[in-house]
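Engineer: sharing a model that was predicted from the sequence below.
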Amino acid sequence: MRGWREGLEDDLPVPALVLFLLNRVLGYRQLDPGDKGRWAVGCSVAGEPVAFRDRKFGFEILVAPGSTLEQKRILFPLKAALRVLEEELLVPEANEQIHDCRVAVINRFGEFSHRYQYFRTKADELFAQAEIRPSDRKGMEGLPSISAVTAEMNRAAVAEREAFFLSAAMVDAYYSLLEHRLILLRAFTGKPMAAGDFEKLLGANWEGKLVMVLDLNSKGREGKELLGELRRIKERIRNPFAHGGVENDRGSIYVQLGSFGAVPANFSRARNSIRFNFRPIVAEDHAAMCGVFDRLDAFLETDDLSLPHRFLDSSVDPAFDAGMLTEYTTAIKDGGEAVDEWIDRWSREWERHQNADY
C-alpha cells in the first residue's frame, strides 16, 4: 500500500480523534496495526479502501497501490466531520470531565525548571562580570589611563545591564515554574477534590495555588516572612515587567502638580518602585531573590511534601480523578519504597505506550 505521513500533524494533530470518529461514531472496524502500531482502522472513500494507522514512527493514511485518490479527497471530509464532532459532542464532554476533575495534566516540571535555572545561571555569571577590575594600563604618573578606566566602566555597565535583563527573566520564569509545580503537587498530595475544584485550581493565582498545597502562614514567623518577600518580588519585579511596565500601586503613572512638575501617582511610595534606582536589579537584589526562591523550594520538597514531590521529580503526569488520587495517597502512606514502586510501574507503562509495544 502507498500513503502519506509527512505534514499530517498540521491537518490531523490528534490521531486519537480520527480513531474515535471512524470506530466509535461511524462504526468502522479496527485492523491489525502491525509492529510498533498503536491502532489502525479501515474505511472507504469514493468506493476505494483507505486505512488510517497510528504508529511509533508517526500517523499515516494508506491507500491501495493503484488508487487514484488524492490526499485532499480524504482529508477535507474527514476534517469537516471532526469539526462537527468536536463542537457537538466532544466540547460538552470535555467540559463535564473538567468540572468533575476527571482529567490529567502533562508534567513539564523539568522544562519549567530548566528555563528558570538557565536565566538564573546566566544572570549569576554576568553579575560576576559586572565588577570593576583594576587595569594594568598606566597613564601619567603611573596611574591607570583614563581610556582604560572608561573602557572598564563601560564593559561592567554592559554586563550589569544584561544581567538585569536575565534576572528579570529569571523572576518571570520562577513564578511560572511555581504555578505549574503547585498544580502537579495538588494532585500528588492525594487530597480529595470535589466537583469544580480543578477549575478553581487553574483559575487561582500563584498565592491561591500555594495555599491549596502549602500554607506558609502555618510555618511560623519564617513562613510568614517568606510569603511577604514572595509578594514583594511579585509586585515590585515580576508584575511591572510581565504587564507592560504597569505597577499596581500606580507608580508607573505620573500626575501634574501645577507648575511644580509631574510626580508618580504613588507619591512617596515611589521608593519601592522598580524604577526608583538607575538599574532596576543589581547583584544584591538578584542574590536576595534567589535566596527567597531557594527557601520556598526547600519547603516544597521536604516534610509532608517530600514524597508527593518524588512523583513530580519522576515526570509522572498527574491525574485528578478520585481513583488516582487514592492511589497517590495509598502509596504515600506506605512510604518511600511504595512510592518508588508505583513510579516504576507507571514509567514502564508510559514507555510501553511511547514505543507502541502492545
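Structural biologist: Happy to help now that I have it.

Engineer: so Val213 touches Phe188, yeah?
Structural biologist: No. Using C-beta atoms under 8 Å, Val213 is not in contact with Phe188, being 9.5 Å away. Using the backbone N, CA and C atoms, a C-beta is placed for each residue, glycine as well.

Engineer: so where's the stretch 101-250 of the chain shaky on pLDDT?
Structural biologist: For the stretch 101-250 of the chain, applying pLDDT under 70 flags the ranges 132-147, 149, 243-250.

Engineer: how about the contacts made by the nearest residue to Leu8 once chain neighbours are set aside?
Structural biologist: Excluding its sequence neighbours, the residue lying closest to Leu8 (C-beta to C-beta, 6 or more residues apart in numbering) is Phe59, at 5.4 Å. Applying C-beta atoms under 8 Å, 6 or more residues apart in numbering to Phe59 gives the contacts Arg5, Leu8, Glu9, Leu12, Pro15, Val18, Phe52, Arg53.

Engineer: which ones among these map onto strands?
Structural biologist: Residues of the contacts of Phe59 located in strands (DSSP state E): Phe52, Arg53.

Engineer: what packs against the longest helix along the chain?
Structural biologist: Using DSSP state H to define each element, the chain has its longest helix at helix 146-188. Counting contacts by 3 or more C-beta pairs under 8 Å, 6 or more residues apart in numbering; DSSP states H and E, helix 146-188 packs against helix 109-129, helix 197-203, helix 206-213, helix 239-242, helix 283-301, helix 306-313, helix 322-334.

Engineer: and Glu88, how many neighbours does it have?
Structural biologist: 9 (other C-beta atoms under 10 Å).

Engineer: ok so, going back, and the longest helix of the chain, how far out from the chain middle?
Structural biologist: Relative to the centre of its chain, helix 146-188 is centred 18 Å away, using C-alpha atoms, centre = their mean, to the nearest Å.

Engineer: that helix to helix 283-301, inter-axis angle?
Structural biologist: Interaxial angle, helix 146-188 versus helix 283-301 (axes from the mean of the first three to the mean of the last three C-alpha atoms, to 10 degrees): 20 degrees.

Engineer: okay, the angle between helix 146-188 and helix 206-213?
Structural biologist: Going by the same axes, to 10 degrees, helix 146-188 makes 40 degrees with helix 206-213.

Engineer: looking at Val213 and Phe188, which is more packed in?
Structural biologist: Counted by other C-beta under 10 Å, Val213 and Phe188 do not tie: Phe188 has more neighbours, with 25 against 22.

Engineer: verify the contact between the more buried one and Pro308 for me.
Structural biologist: Yes. Between Phe188 and Pro308 there is a contact under C-beta under 8 Å: 3.8 Å.

Engineer: joint contacts of the two?
Structural biologist: Here Phe188 and Pro308 share the contacting residues Tyr328, scored by C-beta under 8 Å, 6+ apart.

Engineer: thinking again about what came up before, so for Asn95, which of the helices and strands packed on helix 146-188 sits nearest?
Structural biologist: Across those, Asn95 has its closest neighbour in helix 197-203 (9.7 Å, C-beta to C-beta).

Engineer: and the closest one, what does it pack against?
Structural biologist: Applying 3+ C-beta pairs under 8 Å, 6+ apart, we find helix 197-203 packed against helix 91-99, helix 146-188.

Engineer: tilt between the longest one and helix 322-334?
Structural biologist: What that stands for is helix 146-188. 100 degrees.

Engineer: helix 146-188 to helix 109-129, inter-axis angle?
Structural biologist: Interaxial angle of helix 146-188 relative to helix 109-129 (the same axes, to 10 degrees): 160 degrees.

Engineer: the first one now?
Structural biologist: Relative orientation of helix 91-99 versus helix 109-129 (the same axes, to 10 degrees): 70 degrees.

Engineer: which residues does helix 91-99 contact?
Structural biologist: For helix 91-99, contacts defined as C-beta under 8 Å, 6+ apart pick out Val103, Ala195, Gly196, Phe198, Glu199.

Engineer: what do you get for stretch 317-334?
Structural biologist: Under C-beta under 8 Å, 6+ apart, the answer for stretch 317-334 is 100-107, 184, 186-193, 198, 307-308, 311, 338-339, 341-342, 350.

Engineer: can you tell me which of the helices and strands packed on helix 197-203 is nearest to Ile253?
Structural biologist: Ile253 lies closest, by C-beta to C-beta, to one member of the helices and strands packed on helix 197-203: helix 146-188, at 20.8 Å.

Engineer: centre of the chain to stretch 214-223, how far?
Structural biologist: Using C-alpha atoms, centre = their mean, the offset of stretch 214-223 from its chain centre is 26 Å.

Engineer: ok, back up a step: filter the contacts of helix 91-99 down to the buried ones, ChimeraX style.
Structural biologist: Typed into ChimeraX, the next command selects the buried ones out of the contacts of helix 91-99 (criterion: 16 or more other C-beta atoms under 10 Å):
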select :103,198
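
Engineer: quick one: which helix or strand includes the residue nearest to Leu8?
Structural biologist: Assigned by DSSP states H and E, Phe59 falls within strand 58-63.

Engineer: and that strand, which strands flank it?
Structural biologist: strand 2-4 (antiparallel), strand 48-55 (antiparallel) (DSSP bridges).

Engineer: which of the ones you listed sits most buried?
Structural biologist: Highest mean neighbour count of the strands paired with strand 58-63: strand 48-55, a mean of 20 (counted as mean count of other C-beta atoms under 10 Å).
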